[in-house]
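Chemist: sequence first, predicted model second:
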Amino acid sequence: METFVITGGSSLKGEISIQGAKNVALKIIVCSLLTDDELIIHDIPLLSDVQCMLDVLAGLGVKYKHSGHTLSLRNTGITNVTVPLDVGARLRTSSMVVGPLLARYGKAVIPNPGGCRLGSRPIDRHIDALQQMGAAIEYDPQDGYFHLTAKKLTGTTIVFPKNTHTGTETLLLAAVLATGTTVLKNAAEEVEVDDLILLLNNMGAQIKRTASREITIHGVDSLHGATHTVMPDRNEEVTFAVAAAITRGSITVHKSQRNSLRYFTDAYRKTGAHIRAIDETTTEYSFSGTPIPVDIQTMPHPGFMTDWQAPWAVFMTQAAGVSHIHETVFESRFAYVEELRKMGADLTFFEPHVHHPETYYNFNWADRIPDSFQGLTIHGPTKLHNAILTMHDLRAGATLVLAALIAQGQSIIHGIEQIDRGYERIEDRLRSLGASIARKKEEV
C-alpha cells in the first residue's frame, strides 16, 4: 500500500495538459465487443479503472496492446460470456458489456457492479430497458450474478424515469446492433455520451441526438473497426482550476473543455476567481485575494456536476462567509466531510426543504440511507491544518489532495489507490506546478 505525503503552502503555477476522459475511455473500450475488426484508441488515460475494464474484456476474449497512450483492441472470438466476480465487482461500468454480449451472442452473465460506493447506484434502469428490448433477465442472490438471455434485441421506445448517464450508454451499446429502431427518451446529455456516439457512428452505427434528451438509434447488421481520440477529462480540468484558486496561483490548462463547463465556470467567476481564454482549447485559471462564497446545487448535465461538488467544498472553506452545497444526484456523496473536519474545516449537514423528494432527486428516494443529509453548510474562511487522512472514493480523494495543498504542515493520505482510478500520475503533475507531494510506501 502507498500514501501521499503533502506539505501545504505552495502557490501552484505553470501549464498542464488534460488527459483523456476516464468516463469516456471505459465505455469506448467496451465497443471492441461490437466488431471483430481492430479499434485504435488514442489518448487513453493510464488508470487502474481502465486496466480493470481491460481485464474484464480480456476474460471475454478481447486482445489488446498498449503503446503509450494509444490502445489497440481486437475481439478474437468470444467463447465466454461471464464477467468474473472478482474483476467485475470492482468496477460498476463492467455491467456495460451486457449490451454487446446480448446483441451478438445472445447471453451474458454479469456480477452486481462495483466501483465507488456512492449510495446504492442500482442498475435497475438498465435492466428494465433491456427487458423492454426483449431480454430475459434473472438475478440470483446466491451467486450475486445477473443472468441474461435474448434470442434477439428489438428496438423500442425507452423512457428513463430519471437521468442515467451509464444507463444511456448501456442502451446505446445494446441498440446499435438490435433489430429496428430504438428511441431513448430522457437520455443523458453529457458531452461524454456524445463522444461515445461519435465513435459508434464512425464504426458504422446510425445514431442521432434528435432532441436534447432524445437519442434515436437505427439498428444495423454489423459494425467495423475505427480510430478514435478520447475527449479530454472535464473533471480533471475542474480539479486543476480549483487547485489554482485555493493556492492563489495560476494554472494554464491545455486541451481545455471550458465550453462544456459553463455551470462550473459561472460559479468560479462569482467567487472572484479569474478565467482567461487564451484560445479555443487553452484556458488560464488564477486567483488572488479571498473568495466570495457561492452556493451550488448538483444537477445532471448541463448543470453543476456531482463530481465537482467535493472539490468545490474545499474551495469554499477559503471563502469569506457561509456557502451551501445541495447534492441532488446521489444519496450519499459527503464521505469527505469527516476528513476535512480533521483539518479544521467548519462543515455542518442540513436537510434542504424539497417538495416531493421522490421525484425531485435523481436517485431512488427509497434507497436513501437513514439519517443521511443532502445539504452541506460551509463556514469560512478557515486555515486548514495538517492531518492523517483516508480516501474513501475517487472524487473525495482528489478533494483531500486539494485540501492538503493549502493546509499548514505535512499531511499523510492513505487509500490513494482511489485517486489512481481517475488521475494519472497526479503527484508528478502537481509537482510540475510547484506542489510538495510524494508517493511513499506505507510502513508495515
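Modeler: Nice, I can see it.
Chemist: so what touches the helix or strand of the chain with the lowest mean pLDDT?
Modeler: Averaged element by element with mean pLDDT, DSSP states H and E, the chain has its least confident helix or strand at helix 85-88 (a mean of 75). Residues outside helix 85-88 that contact it (C-beta atoms under 8 Å, 6 or more residues apart in numbering): 52, 55-56, 59, 94-95, 110-111, 113-114, 143-145. In this view, the C-beta of every residue, glycine as well, is placed from N, C-alpha and C.
Chemist: those residues in strands, which ones?
Modeler: 110, 111, 145 (DSSP state E).
Chemist: out of the residues you listed, who's nearest residue 316?
Modeler: Among these, residue 111 lies closest to residue 316 (C-beta to C-beta), at 38.1 Å.
Chemist: surely that closest one meets residue 83?
Modeler: Yes - between residue 111 and residue 83 there is a contact at 6.0 Å, judged by C-beta atoms under 8 Å.
Chemist: need the residues touching each of the two.
Modeler: residue 94.
Chemist: compare the two and say which is more crowded by neighbours.
Modeler: Higher neighbour count among residue 111 and residue 83: residue 83, with 27 against 20, using other C-beta atoms under 10 Å.
Chemist: ok, and the closest non-adjacent residue to that one?
Modeler: The shortest distance from residue 83 to any non-neighbouring residue, by C-beta to C-beta, 6 or more residues apart in numbering, is to residue 110 (4.8 Å).
Chemist: for the one you found, name its beta-bridge partners.
Modeler: Beta-bridge pairing for residue 110 (DSSP bridges): residue 146.
Chemist: contacts only, for the residue nearest to residue 134 when sequence neighbours are not counted.
Modeler: Leaving out its chain neighbours, the residue that sits closest to residue 134 by C-beta to C-beta, 6+ apart is residue 154, at 4.8 Å. If you count contacts by C-beta under 8 Å, 6+ apart, residue 154 has them with 133, 134, 178, 179, 180.
Chemist: how many residues are close by the second one?
Modeler: Neighbourhood size, residue 134 [other C-beta under 10 Å]: 17.
Chemist: residue 315 belongs to a helix?
Modeler: Yes - per DSSP: H, G, I helix; E, B strand; the rest coil, residue 315 lies within a helix segment.
Chemist: tell me who's in contact with it.
Modeler: Taking C-beta under 8 Å, 6+ apart, one finds 242, 245, 246, 271, 291 in contact with residue 315.
Chemist: that older thread, return the member of the ones in strands among the contacts of helix 85-88 nearest to residue 254.
Modeler: Using C-beta to C-beta, residue 110 comes nearest to residue 254 of those, at 37.8 Å.
Chemist: off-centre distance for the helix or strand where residue 397 lies?
Modeler: Residue 397 is part of helix 394-406 when elements are defined by DSSP states H and E. In terms of C-alpha atoms, centre = their mean, to the nearest Å, the centre of helix 394-406 is set 16 Å apart from its chain centre.
Chemist: give me the number of residues near the closest residue to residue 233 other than its chain neighbours?
Modeler: Leaving aside its sequence neighbours, residue 233 sits nearest to residue 21 (C-beta to C-beta, 6+ apart; 4.0 Å). Neighbours of residue 21 under the rule other C-beta under 10 Å: 25.
Chemist: residue 21 touches residue 237, doesn't it?
Modeler: No - Residue 21 is beyond contact range of residue 237, at 9.9 Å (criterion: C-beta under 8 Å).
Chemist: what are the boundaries of the strands in the stretch 151-300 of the chain?
Modeler: 157-159, 181-185, 206-211, 214-218, 226-229, 250-254, 274-279, 282-286, 296-297 (DSSP state E, counting those that start in this stretch).
Chemist: in a markdown table, list those strands along with mean pLDDT and mean neighbour count.
Modeler: Listed next are the strands of the stretch 151-300 of the chain as a markdown table, based on pLDDT from 0 to 100; neighbours: other C-beta atoms under 10 Å:
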| stretch | mean pLDDT | mean neighbour count |
| --- | --- | --- |
| strand 157-159 | 97 | 15 |
| strand 181-185 | 98 | 19 |
| strand 206-211 | 96 | 14 |
| strand 214-218 | 98 | 19 |
| strand 226-229 | 98 | 18 |
| strand 250-254 | 98 | 20 |
| strand 274-279 | 98 | 13 |
| strand 282-286 | 98 | 20 |
| strand 296-297 | 98 | 20 |
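Chemist: so for residue 377, which of these sits nearest?
Modeler: Short answer: strand 296-297, nearest of the strands of the stretch 151-300 of the chain by C-beta to C-beta, at 12.4 Å.
Chemist: give the contact list for residue 273.
Modeler: Taking C-beta under 8 Å, 6+ apart as the criterion, residue 273 is in contact with 241, 244, 245, 285, 286, 287, 291.
Chemist: go again using 7 Å as the cut-off
Modeler: 245, 285, 287, 291 (C-beta atoms under 7 Å, 6 or more residues apart in numbering).
Chemist: which two in the residues you listed are spaced the farthest apart?
Modeler: Pairwise over the contacts of residue 273, using C-beta to C-beta, the maximum falls at 285 and 291, 13.0 Å.
Chemist: got any ranges where the stretch 51-200 of the chain has weak pLDDT?
Modeler: Within the stretch 51-200 of the chain, the segments meeting pLDDT under 70 span 88-89, 113-122.
Chemist: just the helices in it please.
Modeler: 85-88, 98-105, 124-132, 165-175, 191-202 (DSSP state H, counting those that start in this stretch).
Chemist: now swap in the stretch 301-444 of the chain and tell me
Modeler: 309-316, 337-342, 357-360, 394-406, 417-420, 426-431.
Chemist: residue 216 touches residue 208, doesn't it?
Modeler: Yes - in this structure residue 216 lies within contact range of residue 208 using C-beta atoms under 7 Å: 5.3 Å.
Chemist: related to what we said a few turns ago, could you dump the helices of the stretch 51-200 of the chain to a markdown table with distance to residue 16 and mean neighbour count?
Modeler: As requested, the helices of the stretch 51-200 of the chain are exported to a markdown table (distance: least, C-beta to C-beta, whole Å; neighbours: other C-beta atoms under 10 Å):
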| stretch | distance to residue 16 | mean neighbour count |
| --- | --- | --- |
| helix 85-88 | 32 | 18 |
| helix 98-105 | 35 | 24 |
| helix 124-132 | 35 | 19 |
| helix 165-175 | 26 | 26 |
| helix 191-202 | 20 | 20 |
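Chemist: turn those helices into CSV, columns for distance to residue 300.
Modeler: Converted to CSV, the helices of the stretch 51-200 of the chain look like this (distance: least, C-beta to C-beta, whole Å):
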stretch, distance to residue 300
helix 85-88, 26
helix 98-105, 21
helix 124-132, 13
helix 165-175, 8
helix 191-202, 11
